[in-house]
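A.B. asks: model this:
(one chain, ligands or ions: 1)
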Amino acid sequence: MDLDVINKLNEILLHFKLVLNFNNFNLSIHSCSIIALSFIFIIYILISITSSKKVASISVNEEKFNKNSYIPKPIYDFQWDKVVPVKSYPFKNAPYKLTMGIKNLNLQEWLLIEPTYLNRIENKTKIINNSHADYPKDKDMRNSTLFVTPEVIPSIIEFYDIVMNYMYNKYPTCFNKDEHYYYNLITSKKYKIDETDPNKLQEYLVENIEEDFIILMKDETKVNEPNGQEYFFKGGVFAFAAGFNPRDRFNKPLSFIHHPVPNYETKLKFSMNKFFDRLKPGEFVTRSNFSIQTHSKFYVDDANKGHNLPKDFVQKPLDYDDLNFEKNQHYRSERQVLTKLPKTKAIVFTIRTYLLPLSQVKNDGKEVCERLVGAIDGFPEEVAQYKRSQEWGPALKKYLLS
Ligand code: HEM
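C.D. replies: Residues are numbered from 1 along each chain as shown. I've put the predicted structure just below:
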């Protein structure tokens, strides 16, 4: 019995003693009070047992989420190049609203292999190794896409362990494992299970999952700086950046990272920070965005967004006849998932990028086309400016409705 319970019982006994003394103690009062006392005692014991059970179940719940909580069910007949990809079409035929737009996600749906697997891994590997043909040879892409701080290393090790086990368990036709190595059966490469070099681990992750991943942690040394109590971008691979240089956002808090997003401070900041503080290990939430780009590049730091344009630049509609919707004009959508690592408690943000020629979106039919047109029409001025829809919007709407 804990000290609180003993103290409470003493208080009750004392109370009864006082009452009895006051009433000039006699036998019948004495028997009644014994019965009452026993009754109260039993109730008290029952309450304290239930509440101690509650405390135990809370700590068991917290304990329960270890790396084994991240093991999905195997898909024994999985064929990576035949599976139907997710349709990431989060647009609505309605006025634009800036909200968190998050939904719970099942562990099983977290990391995906789709027929784009080899292509995306190849693009990403070239980008982080400064050998992608789309970018100038002297551009240091690795410096802008691969990030490590000393404090994030244990989380990178934990994330690698969780991810490789996840892939091995979910996709037995694509991954294998022995005492020392994971084997990727699609690329025929192997990866050391107990590797601890953070740069190698991040390269290994690039070669095994299509998703980019950002690791966020609190930073005790920065609590007195503006937004210093928020989560900071401390490590990860941001190879498919859509309109900003990830290096500029590295080691910065969430509010700084979202600075160019219209109305972030007034509409999103508070709920986002609250959400990040409450996210628990073993929980998964997802959100998706969409944008349009006039080229097919995966890493973009100088286009796509209005804030890359000179200050007084006036966006002018592109000429429909100059555009190629099979080759250049692309629909882009990020399927983002957030979870918290059980051991190091860092938050991981995985980003899966869909990049489709707009002709493919059009082939998905009238409902999708009309919905996309409705969403473009629903952008308020500052969002249209941010997404540069004043340039690509008119021609795209004409294309989708033709
Ligand atoms: C619940 C979590 C989050 C919400 C609700 C959120 C919301 C948003 C929104 C509304 C935008 C504007 C474009 C879009 O619709 O996606 C945006 C952009 C962006 N977000 Fe987030 N975000 C979240 C988490 C994160 C995290 C963890 C990172 C980590 C680095 C991040 C990095 C960015 C970046 C780099 C941009 C582009 C900003 C720019 O235009 O330069 N976001 N986010």
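
A.B. asks: How about stretch 253-266 and the ligand, touching?
C.D. replies: Yes: against the ligand, stretch 253-266 shows contacts by C-beta under 6 Å from any ligand atom at 257, 258, 260, 261. All C-beta atoms are positioned from the backbone trio N, CA, C, and that covers glycine.

A.B. asks: ok, and the most crowded of those?
C.D. replies: Within the residues of stretch 253-266 next to the ligand, most neighbours by other C-beta atoms under 10 Å means residue 257, with 22 neighbours.

A.B. asks: residues near the nearest residue to it once chain neighbours are set aside, how many?
C.D. replies: Spatial nearest neighbour of residue 257, excluding adjacent residues (C-beta to C-beta, 6 or more residues apart in numbering): residue 249 at 4.5 Å. Residue 249 has 20 neighbouring residues, counting by other C-beta under 10 Å.

A.B. asks: need the residues of the stretch 1-150 of the chain near the ligand, please.
C.D. replies: Proximity of the stretch 1-150 of the chain to the ligand (C-beta under 6 Å from any ligand atom) is limited to residues 98, 100, 102.

A.B. asks: try 5 Å
C.D. replies: Neighbours of the ligand within the stretch 1-150 of the chain, by C-beta under 5 Å from any ligand atom: residue 100.

A.B. asks: low-confidence ranges in the stretch 101-250 of the chain?
C.D. replies: Applying pLDDT under 70 to the stretch 101-250 of the chain picks out no residues at all.

A.B. asks: Quick check: the residue of it nearest the ligand.
C.D. replies: The ligand sits closest to residue 244 of the stretch 101-250 of the chain, with a gap of 3.8 Å, by C-beta to the nearest ligand atom.

A.B. asks: my guess is that residue meets residue 299, correct?
C.D. replies: No: assessed by C-beta atoms under 8 Å, residue 244 is found out of contact with residue 299, at 10.5 Å.

A.B. asks: So the two - more neighbours on which side?
C.D. replies: residue 299 (23 against 20).

A.B. asks: wait, the more buried one sits on residue 240?
C.D. replies: Yes: assessed by C-beta under 8 Å, residue 299 is found in contact with residue 240 at 6.1 Å.

A.B. asks: returning to that earlier point: as CSV, the residues of stretch 253-266 next to the ligand with secondary structure and pLDDT would be great.
C.D. replies: As requested, the residues of stretch 253-266 next to the ligand are exported to CSV (DSSP: H, G, I helix; E, B strand; the rest coil; pLDDT from 0 to 100):
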residue, secondary structure, pLDDT
257, helix, 98
258, coil, 97
260, coil, 95
261, coil, 96
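
A.B. asks: Residue 401: which of those is nearest?
C.D. replies: Residue 401 has its nearest neighbour among the residues of stretch 253-266 next to the ligand in residue 261, at 28.9 Å by C-beta to C-beta.

A.B. asks: which residues touch the closest one?
C.D. replies: The contact partners of residue 261, by C-beta atoms under 8 Å, 6 or more residues apart in numbering, come to 98, 268, 386.

A.B. asks: Let's see that with 10 Å instead.
C.D. replies: By C-beta atoms under 10 Å, 6 or more residues apart in numbering, the contact list for residue 261 reads 98, 255, 267, 268, 269, 305, 307, 382, 383, 386.

A.B. asks: Same check on residue 321?
C.D. replies: Residue 321 is in contact with residue 395, counting by C-beta under 10 Å, 6+ apart.

A.B. asks: From what I see, residue 386 and residue 291 are in contact.
C.D. replies: Yes: shown here, residue 386 and residue 291 form a contact pair, counting by C-beta atoms under 10 Å, at 9.5 Å.

A.B. asks: Please enumerate the shared neighbours of these two.
C.D. replies: Common contacts of residue 386 and residue 291 (C-beta under 10 Å, 6+ apart): 243, 304, 305.

A.B. asks: surely the first one meets residue 295?
C.D. replies: No: the pair formed by residue 243 and residue 295 falls short of the contact definition of C-beta under 10 Å, at 11.7 Å.

A.B. asks: can you pull the contacts of the nearest residue to residue 209 once chain neighbours are set aside?
C.D. replies: In space, and not counting its chain neighbours, residue 209 is closest to residue 111: 5.4 Å by C-beta to C-beta, 6+ apart. Counting by C-beta under 10 Å, 6+ apart, residue 111 makes contact with 70, 72, 162-163, 166-167, 170-171, 208-211, 213, 337, 350, 352.
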